[in-house]
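Participant: Here is the input, now give the coordinates:
(2 chains)
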Amino acid sequence: MLEQPLLKIDKLRKSFGARAVLHDLSFAVATNEVYGLLGPNGAGKTTTINILGNLLAADAGVVTIDAQPPSEATKHFIGVAPQEIALYENLTCEQNLKFFASLYGLDSATRERRVRDLIEQFHLQEYRHTAAATLSGGWKRRLNIAVALIHSPKLLVLDEPTVGLDVEARHELWELIRALQASGVSILLTTHDLDEAERLCSRLGILQSGSLVAEGTLEELRKLVPAEELAIISTEDQDAVHRRADTLQLACRYYGKDLTLLLPRKHSLKEVVDMLDGISLHSVSLQSVRLEQVYMEVTREIPKP
Amino acid sequence: MPQQNYLNEILAVAARILTELRQTRRALMMWAIFPAAMLLLFGLIYAGDGSTQRSFDATAPGILIGAALFFSCLSGPVSTIVAERERRTLRRLLLSPLRASAYFLGIVLAYLAIALGQTLIVYGIAFFFGGKFHGSLLLGAVIVLLSVASYVGLGFFFGARLARRTEDATGPIAAVGVPLLVLGGTFFPTSILPKYLLAVAYADPVFHMNEALRAVSAKAAPLADVRLHVIFLFAFAIFTLMLGVNSYKKMLRQEKHA
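Facilitator: Below you'll find the model as predicted:
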């Protein structure tokens, strides 16, 4: 457990009627950390954000943001960049930033300085006086995040920050997120993009049915898949692969549609093909354990609370 | 932590709406050019070959109530609230320290400013053609204020309860609103209505807005002459504002759970 986390959630519970959305959820985000909260739709990510933002009250459990429970005051500590781009389309980049600055009570000098700094930090100089409606998706995403930072929050919540972006824009935004972390902002990142989570997060929590089913650094999470290496096998005769795996005392899994052999140590490709001698194969490839396999490993057949 | 200031929050919301309006030419056309064009047309038609003074005296109040304030102060809040939900900015506002009542009052203030601008446009044109505001300016301002409050309250109700998309709102407003405008004597005097329709018109708030403002503006009627209209409007404005606030609160609760 972290000693003095910026955000601490302990045994959080929330139900809507008979439907339990959060069930003893616990995790913490340290200062200057990017914490990834992963999970399928409906796992409870948005409800968690709504409780942090003081939009919803928890039924039970403890939430503290910089040692304070969520309140109107803690709204000054958190900046939320929602998944859907939430901007005033007819206002320019500068006008959007200034409007939100005034809602947070920034005085005129601070407002001007923050707007100038964020426009520079997010490379929005060229679009300063451009209406948000005419920006491309990538620039809108930048502005969407910049607005969430206008009041210099201690914790930035990024909800699916790169959804719908092309590869180049995604990489640019990842660079920005890394730069934000380097500048001292703590980030809670919710994403479906496991590649993104691998690249950005120092620790990750996997949420399912309202509680964490796994948590740790990427290295710690990789150990949840009982393999040193994975062999992805494409064949018409999958039964034969299962029988061979039994003979060799190796575990077999389906990660999505991929039939995967879990290898307890590193092998060469030739060794793996030799293991499967006599079975008609389309292809075999080797790869190390990735977050994608961890995610599927820990989210399958979890008993419901 | 920066100091939150209630008045600043109201002003920020109002300024944002007015800035958006300034940058949206279509809305500006609707709210400035449409009433100006309607006033010119009706003023000139009623003048015929005679003096424009009397016709503009008589048409300016109806055009202000029906062609200007109706579209700005009723349709405006509907568009503002629906757009806020559609663009997901409402959720962003809820996550900010902005107080719900400051947001409500900011919208009211913005549309009051627009109403003032429209009043100046309509009466500016009327003055150009020899028309005048003959009665008490204070009484006229009270009638306009009650009309704006009624429209804004209804706007909140339609926007918060009935419309999820902008297109959802335009149909009901046109279907209910335009007949009320016609029945209320916006475009012609209610003296030409048959008796049974006149009886129905008494239940139409637009009728009371038009009758009261026309009497004060064109005939310099004192409060005593229009007191029944003013009482009706006062009660109607309170009712619609309560309806609007209630719908708004319900909408915020739903949005927090979304």
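Participant: Those residues of chain A touching chain B, which are they?
Facilitator: With C-beta under 8 Å from any C-beta of the partner chain as the criterion, chain A meets chain B at residues A:16, A:50, A:53, A:55-56, A:72-73, A:75-76, A:78, A:80, A:82, A:84-91, A:95, A:99-100, A:102-107, A:110, A:131, A:147, A:151. (Glycine included, C-beta is placed from N, CA and C.)
Participant: Just those: which are in helices?
Facilitator: With DSSP state H as the criterion, helices contain A:50, A:95, A:99-100, A:102-103, A:110, A:147 from among the residues of chain A next to chain B.
Participant: Give me the buried entries from those.
Facilitator: A:50, A:95, A:99-100, A:102-103, A:110, A:147 (16 or more other C-beta atoms under 10 Å in any protein chain shown).
Participant: closest to B:F128 among those residues?
Facilitator: B:F128 has its nearest neighbour among these in A:Q95, at 34.6 Å by C-beta to C-beta.
Participant: so what's that closest one up against?
Facilitator: Residues near A:Q95 by C-beta atoms under 8 Å, 6 or more residues apart in numbering or on different chains: A:88, B:16, B:19.
Participant: got it, and A:E168?
Facilitator: A:G138.
Participant: Phi and psi next, for it.
Facilitator: Backbone dihedrals for A:E168, given as degrees, to the nearest 10, come out at phi -60, psi -50.
Participant: Show me which residues of the stretch 51-200 of chain B are close to chain A?
Facilitator: B:87-89, B:91-98.
Participant: mind giving me TSV with these and columns for pLDDT, neighbour count and secondary structure?
Facilitator: Putting these into TSV (pLDDT from 0 to 100; neighbours: other C-beta atoms under 10 Å in any protein chain shown; DSSP: H, G, I helix; E, B strand; the rest coil) gives the following:
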residue	pLDDT	neighbour count	secondary structure
B:R87	89	17	coil
B:R88	91	17	coil
B:T89	95	23	helix
B:R91	92	21	helix
B:R92	94	24	helix
B:L93	95	20	helix
B:L94	94	20	helix
B:L95	94	23	helix
B:S96	94	23	coil
B:P97	93	20	coil
B:L98	94	23	coil
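Participant: farthest pair in these?
Facilitator: B:R87 and B:P97 (20.0 Å).
Participant: how about the closest residue to B:L21 other than its chain neighbours, phi and psi?
Facilitator: Spatially, and ignoring its direct neighbours in sequence, B:L21 is nearest to B:A27 (5.4 Å; C-beta to C-beta, 6 or more residues apart in numbering or on different chains). Dihedral angles of B:A27 (phi, psi; degrees, to the nearest 10) stand at phi -70, psi -40.
Participant: so how many other residues sit close to B:A27?
Facilitator: Around B:A27 there are 19 other residues, counting by other C-beta atoms under 10 Å in any protein chain shown.
Participant: That one against B:I17, yeah?
Facilitator: No: B:A27 is not in contact with B:I17 according to C-beta atoms under 8 Å; the separation is 10.2 Å.
Participant: If you count neighbours, what's buried in stretch B:39-59?
Facilitator: Neighbour-count burial for stretch B:39-59, counted by 16+ other C-beta under 10 Å, picks out B:39-40, B:42-43, B:46-47, B:52, B:55-59.
Participant: Give me the subset of those residues that lies in helices.
Facilitator: B:39-40, B:42-43, B:46-47, B:52, B:55-59.
Participant: For A:L261, which non-adjacent residue is spatially closest?
Facilitator: In space, A:L261 is closest to A:A231, 4.1 Å off (C-beta to C-beta, 6+ apart).
Participant: What's the separation between the one you found and chain B?
Facilitator: Per C-beta to the nearest C-beta, to the nearest Å, A:A231 is found 44 Å from chain B.
Participant: A:V225 now?
Facilitator: A:V225 is 36 Å from chain B, by C-beta to the nearest C-beta.
Participant: Low-confidence ranges, chain B, go.
Facilitator: Where chain B drops to pLDDT under 70, the residues are B:1-4, B:166.
Participant: what do you get for chain A?
Facilitator: Those would be A:1-3, A:301-305, if you go by pLDDT under 70 across chain A.
Participant: can we see that at 80?
Facilitator: A:1-4, A:300-305 (pLDDT under 80).
Participant: Assign a three-state SS to the residue in it sticking out farthest from the centre, would you?
Facilitator: The C-alpha centroid of chain A is most remote from A:G278, which lies 42.7 Å away (C-alpha atoms, centre = their mean). Per DSSP: H, G, I helix; E, B strand; the rest coil, the secondary structure class of A:G278 is coil.
Participant: Quick check: phi and psi at it.
Facilitator: According to degrees, to the nearest 10, A:G278 has phi 90, psi -10.
Participant: so what's it up against?
Facilitator: Taking C-beta under 8 Å, 6+ apart, one finds A:A240 in contact with A:G278.
Participant: roughly how far apart are it and chain B?
Facilitator: 57 Å.
Participant: Also A:L37?
Facilitator: 17 Å.
Participant: sorry, back to before: kindly reformat the contacts of A:Q95 as CSV containing distance to A:V167 and neighbour count.
Facilitator: Output for these, formatted as CSV (distance: C-beta to C-beta, whole Å; neighbours: other C-beta atoms under 10 Å in any protein chain shown):
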residue, distance to A:V167, neighbour count
A:Y88, 29, 24
B:R16, 35, 25
B:T19, 35, 18
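Participant: related to what we said a few turns ago, nearest to chain A, out of the ones in helices among the buried residues of stretch B:39-59: which one, please.
Facilitator: B:L39 (27.5 Å; C-beta to the nearest C-beta).
Participant: measure the closest one to B:T186 for me?
Facilitator: 11 Å (C-beta to C-beta, to the nearest Å).
Participant: what residues are shared contacts of these two?
Facilitator: B:63, B:67.
Participant: returning to what we had before: okay if I get the residues of the stretch 51-200 of chain B next to chain A as JSON lines plus distance to A:Y35?
Facilitator: As requested, those are arranged in JSON lines below (distance: C-beta to C-beta, whole Å):
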{"residue": "B:R87", "distance to A:Y35": "28"}
{"residue": "B:R88", "distance to A:Y35": "24"}
{"residue": "B:T89", "distance to A:Y35": "27"}
{"residue": "B:R91", "distance to A:Y35": "22"}
{"residue": "B:R92", "distance to A:Y35": "22"}
{"residue": "B:L93", "distance to A:Y35": "26"}
{"residue": "B:L94", "distance to A:Y35": "23"}
{"residue": "B:L95", "distance to A:Y35": "19"}
{"residue": "B:S96", "distance to A:Y35": "23"}
{"residue": "B:P97", "distance to A:Y35": "24"}
{"residue": "B:L98", "distance to A:Y35": "27"}
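Participant: just those residues now: which is nearest A:L261?
Facilitator: Nearest to A:L261 among these, with distances taken as C-beta to C-beta, is B:R88, at 45.0 Å.
Participant: Please verify my assumption that the closest one contacts A:Y88.
Facilitator: No: between B:R88 and A:Y88 no contact is recorded; they are 11.1 Å apart, counting by C-beta under 8 Å.
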